[in-house]
Every structure is written in structure tokens, then in C-alpha cells.
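>>> Fold the following for me, if possible:
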Amino acid sequence: MIDPTLPVQHASVVAWGGGTAVVLLLVLIASRVFRREFAGRRHAEARFGAVVESAPSGMIMVDRSGKIVLVNRETERLFGYSRDELRGQPIELLVPNRMRGGHPQHRAGFFADPRSRSMGAGRDLFGLRKDGTEIPVEIGLNPLETDEGLFVLASVVDITERKRAEARFRAVVESAPSGMIMVDQHGKIVLVNRETERLFGYSREELKGLPIERLVPVRFQPQHPGFRSGFFTDPKTRSMGAGRDLFGLRKDGSEIPVEIGLNPLETDEGLFVLASVVDITERKRAEARFRAVVESAPSGMVMVDQHGKIVLVNRETERLFGYAREELQGLPIERLVPGRFRPRHPEFRSGFLADPKARSMGAGRDLFAVRKDGREIPVEIGLNPIETDEGLFVLASVVDITERKRVEQELRRLSENLEQRVRERTAQLELANRELEAFTYSVSHDLRAPLRQVDGFSKLVQEAVGSTLDETTRHYLDRVREGTQHMGKLVDDLLHLAQVGRQAVNTRETELDGVVREALADLRPEIETRNIQWNIGSLPALECDPGLMKIVFTNLLSNAIKYTRTREQAVIEVSCSSSDGSTVIHVRDNGVGFRMKYADKLFGVFQRLHRADQFEGTGVGLATVQRIVHKHGGEIWAEAELEQGATFYFTLGGSLPEARG
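The predicted model follows:
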């Protein structure tokens, strides 16, 4: 236990407690009392024994031969022996086996130079308990001169908890995500963690004992001792280098931007500073990217702190408001607000900071900003909160909408003109419709009557003198009757087309299957003698006008019947599909088809893609179908190939599907 040759307890141990020093002080006082009151020996011994017995640490008195002559109750608790078991035993009984060999020599050294000291400087000390377990200890030695000779009184403190605290401290420091460096008052590095090794490229063995200036760039080294002295003069937790950029110097000579926090540590060895060092290279890059984005933004960018002070602007802000950025930085943002709006602006700013989220400023009202020259400009402002280590900032994007306002005014003027023109055009259309109605009436009554007369008288002539007419005259009369009948059919179709155009659409949910059956029933005379394979799929119920839909299916199916006339086996299909959320109805046949380059003529009035002597018709039916589909908000188109049949597609409302040809 006694190690008299080691002069001073290791600093790291003393730094964690002062128990030994306190006990040594008590022992010194007791020894002096013992000597001073030697004449009243029994009384002095009693007082000395009381001091030793009540000491908070283990107290062990040992003679020159290394025999234990006295222990206190704390020693009994500490080592697990009773005092009767310890008295007369060599002190080495309490020393771990691995340390016993050198212990007598250390003891002899102490008696050769008897003075108060700590034991085991530079190494950890352990005591051996009765149960064989070891405990870390701190030992203080004090010589006692008596009539019986020289003794050593050792105070023994169990530092298990202190060691645990040291271990926890070192574990925290070691596992810290930032570099941790402990420096003494002389600027020497006494402790670093693995992150410091990674950060600066040194091993911890290389750094311990070096001046902290080794990690400071050369250009800053002359001033650094002054900063260090200033910290030790007023030791408190603080950030280092507030208001200026800090850099660390790596072993390879490269510099890294850093952020440093300083924390004072009071110990028995004196004051230390624990510095946390964070590599902010990525932060600096992010800041540079942020500034580059802000600087290159096409709109004015203004960053404002919580007090309403401008801290950053870009070049577009300079151009927009006519200030240099040096003039704007530090000014209240209200400098850019027109005078009539300034009194309430702080209130709006406080409202944003109370609920910071990206938003447009001044929704529902016109915003204006004031330039350096006093001129106001209409603006659009977007607000974005920016959370930083320095607090909450607001980044405002400011867009000059002078040109937009001018365009809006011009569009408003054009819109008003357009509305006037629409009203005029509507009046013209209403007039044209009235004229069309008059024309329809005229055709219905004035044109159809003569046609019926021509047809009727031609028929009477044929019946009266038909047997006496030569073949040529009879042919002429047949042609006259055919022409009047075709003209009558054409007039009927035109009247029907006009009627469809004027007819209101009365929609309701309609089963298209039933509409197709009704159309086929009307077409029965045309299909009774034909060999037609009908493939009628299941059709949905849609919102439409059932009467108009019957006209659509009647025309499309009549077309399919007509243009498959040349086929021995006609195939006509009615089906549906979905495209872009719309229902597409298909009417397909295997008839003569047509060339797609003429597809744009299909739905024009009087437009026919086949000769009249091949397939009869007026060229009005598909125009009627298109008008009905358009009145339902739909589209109609066709795909075909010559002699390979044709397919007509239509929708009722919705966008035009991609299948359109």
C-alpha cells in the first residue's frame, strides 16, 4: 500500500477529487496536537484516535517494518477486514500481488525522505480486498514522529465512482460527433477524441502536449495566445470568434472552416478549457450554394431577421429598388414599403413570425413597393421561413409586375371589346337564325309543293300516254321523277339538319342497348333480304338525349348496311371501350371503306366519298350525326381502309381519345 518514493499523486486523479488532501490536512493537525500535548499523552492519543476514527477515508498507520499498527472503521469497510485481522499484518496484505514486489523499496524510500505526499504519481493505484477483488484508490502519505519512532499514516480513498465518472466523461468526449480538445492554461493539449484525429489528420499521441496553436492557421497564430488568455481571464461558455470566420489547420497543411465552442472546466489541477470543433465545410458549401441561388434568382430576394432588419439582398433587388446592397443591409424592411402602408407592416411581419410557413403576401389585395427615387411599383411577394442556428429569418421573393399589370389592363380592354363583338355577333347570329327559320319555312312550303307537282304531273303523263311514248321519252320522264324524288329527299334531310341544330338537348340516363334495338327496328326493311352478321356488344347507360341518340345510331347503322351491300357476308359490330376516362362507342363494318386522306370531308354537308350511281344518299346524314354529338359535348371521328371496312367512333362529353385517326 505505501509507495514512499512516488512524490505526487497523478494530476488526473487529483482533478477528480480532493478527499486525500482534506484527510492529509486532518492528519497534520492531529499529529501536531499529538506532539504539542505529548506531556498529556493519554489525552493527546485519545484526540488523535478520534480524528483518525472519524476520517471519511480509510486511515492506516504503518511502522518502519511495514507492519500495520492502526486502522479506522472506514478501512474495515473498504477492505473487508476487521481491525484485529489487520493489526500486525504487513501492509503488503492490502497490495495486489502484481505490485507487491516493489512495494518494500517504495516504503524504504519514503522513510529515507519522510514528507507529506501523494502516492503513485503517473500510474493507477489499486487496493486488494479480503475477498480478492481490487478497487482503484487514491493514497496520501504523512510521516508521524513519535517517541517510539517514525510512522507513516496513509489515507486511502476509494475512487471507484470517480473512475466511473472519468470513464463516462471520456466516453462522452470520445463519442461526441464533433472534435473535442481539452487544453490547459498554458495552451497545451491534454486530451482529444477520435473525431479530432479524423478532423485534423493527427493521431492523439501526436497531439497530446502540443500547443493548441499547432491547429491554428499561421496567419492567426500571433493573435491566438491573446484570445486564449482572454478566455482564462473570464472563463465562461461561449462561441469562439463571433462575427468572423474561423479555420483549423490540418496536418497536411490544408485549412478547414470550423465552428468552435469553448467550455471552462474547473478541477483540482486548475482550470482547463474543453473546445468542441465542428467542421463546417459542407455548411459553407451549402451557404455558398444558397447565396448563388439567391444571387442568380430572376426575382428580387430579400432576407429579413426577426427584428425586421434586412440581412441579405441579391443583384435583382438592387436593380429593382435602385439601392446598392450596402445601403440596404441593416435597414428596416419598412424602408421598401410605401408610406401609407408602413404603420401596419410590423403587425403583418409579427403575424408571419407567429405562424411561419411559405405563403404569398397580401392575398386578395394589390401590393406596392417604393424605390429609392420614391417611385412606387406594383409587386408580387412570396414569403418563405428559413430556420438557422441564429434563429428564424424570412426570405422574401419580390417580382415587379408592372408589365403584367399593363398586360392585364390591355387584356381587360380587349376582353371588353371582345364581349361587345360577341354581343354584336350574337345579334347577327340570332338574325341569321331567324332568316334560316324563314328559309326553312319557305323550303318546307314553297319549294316542296312545286316538287310534288312536278312529280305528280310526270306520273299522270306516264299513266295517260305511257303506252304511246317511245323509249327515250319514257326514260326522260323516269329521270324527271327520280330527280324530283331525290330533291325532295334532300330537302327533307336539310330540314332535319336544321331542326337538329335548333333542337334543345334534353338529357337523361339512357340505356344505349335499347336505343340500338329501336334503330335496328326502324331499319328492318333494309336488312330483311340481306345476309348480315350482327355483333352487338353490351353498351353502357349514359347521360344523353335518347331521341337524338336514336338518330345517331340510325344514320351510322344505315351507312354500315349501305356500304356492305357488295359483301356476300356483311359484318356489322357495335361496341364500346374506355379512353382517358371517357366512354368511346364504336360502329364497325367490313364494307368498301374509304381512303383516310378524304376523312376530313366525311362530316361536311353534301360531301360524299362514293359516286351516286354506286351508293345512293344526300351527304347530309353524317353532318347531322356530328351536330348531335357536338351538342352533347362529344367528338366523332372515323378510321378506314379502302375495301377493308370502316369504323366510326364517338364520345359524349370529355376529351378526344388518342385513338382518333
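
>>> What ranges does the stretch 1-150 of the chain have for its strands?
58-62, 68-71, 117-118, 125-128, 134-146, 149-158 (DSSP state E, counting those that start in this stretch).

>>> And residue 559, how close does it get to residue 520?
14 Å (Cβ to Cβ, to the nearest Å). For glycine as for every other residue, the C-beta is placed from the backbone atoms N, C-alpha and C.

>>> Give me the more crowded residue out of these two.
Using other Cβ atoms under 10 Å, the more surrounded residue of residue 559 and residue 520 is residue 559, with 23 against 19.

>>> what comes up buried for the helix or strand where that one lies?
Using DSSP states H and E, residue 559 maps to helix 546-563. Judged by neighbour count (16 or more other Cβ atoms under 10 Å), helix 546-563 contains these buried residues: 546, 548-563.

>>> My guess is residue 548 contacts residue 634. True?
No: here residue 548 lies out of contact with residue 634, judged by Cβ atoms under 8 Å, at a distance of 11.4 Å.

>>> Give me the common contacts of those two.
Residues touching both residue 548 and residue 634 (Cβ atoms under 8 Å, 6 or more residues apart in numbering): none.

>>> mind checking the SS state of residue 583?
Counting by DSSP: H, G, I helix; E, B strand; the rest coil, the backbone at residue 583 sits in strand.

>>> Roughly how far does it sit from residue 592?
On the measure of Cβ to Cβ, residue 583 and residue 592 end up 28 Å apart.

>>> can you check residue 297 too?
Residue 297 is 64 Å from residue 592, where distance means Cβ to Cβ.

>>> Tell me which of the two has more neighbours.
Counted by other Cβ under 10 Å, residue 297 and residue 592 do not tie: residue 592 has more neighbours, with 21 against 15.

>>> For residue 568, find the nearest of the strands of the stretch 1-150 of the chain.
strand 134-146 (111.3 Å; Cβ to Cβ).

>>> Could I get the buried residue list for that closest one?
135-144.

>>> Take these and lay them out in TSV including distance to residue 392 and pLDDT.
Below are the buried residues of strand 134-146 laid out as TSV (distance: Cβ to Cβ, whole Å; pLDDT from 0 to 100):
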residue	distance to residue 392	pLDDT
135	53	96
136	50	95
137	54	95
138	51	93
139	56	94
140	56	93
141	61	95
142	61	95
143	66	95
144	68	93
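
>>> For those, could you give me TSV that also reports distance to residue 206?
Formatted as TSV, those follow (distance: Cβ to Cβ, whole Å):
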residue	distance to residue 206
135	34
136	29
137	32
138	30
139	33
140	35
141	36
142	40
143	42
144	46
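
>>> Count the residues that sit near residue 382.
Residues near residue 382, counting by other Cβ under 10 Å: 14.

>>> surely it meets residue 360?
Yes: applying Cβ under 8 Å as the test, residue 382 and residue 360 come out as touching, 5.6 Å apart.

>>> What are the boundaries of the strands in the stretch 301-450 of the chain?
Under DSSP E, counting those that start in this stretch, the stretch 301-450 of the chain gives strands at 310-313, 359-360, 367-370, 376-388, 391-400.

>>> Could you single out the most deeply buried of those?
Neighbour counts (mean count of other Cβ atoms under 10 Å) averaged over each of those peak at strand 310-313, with a mean of 21.
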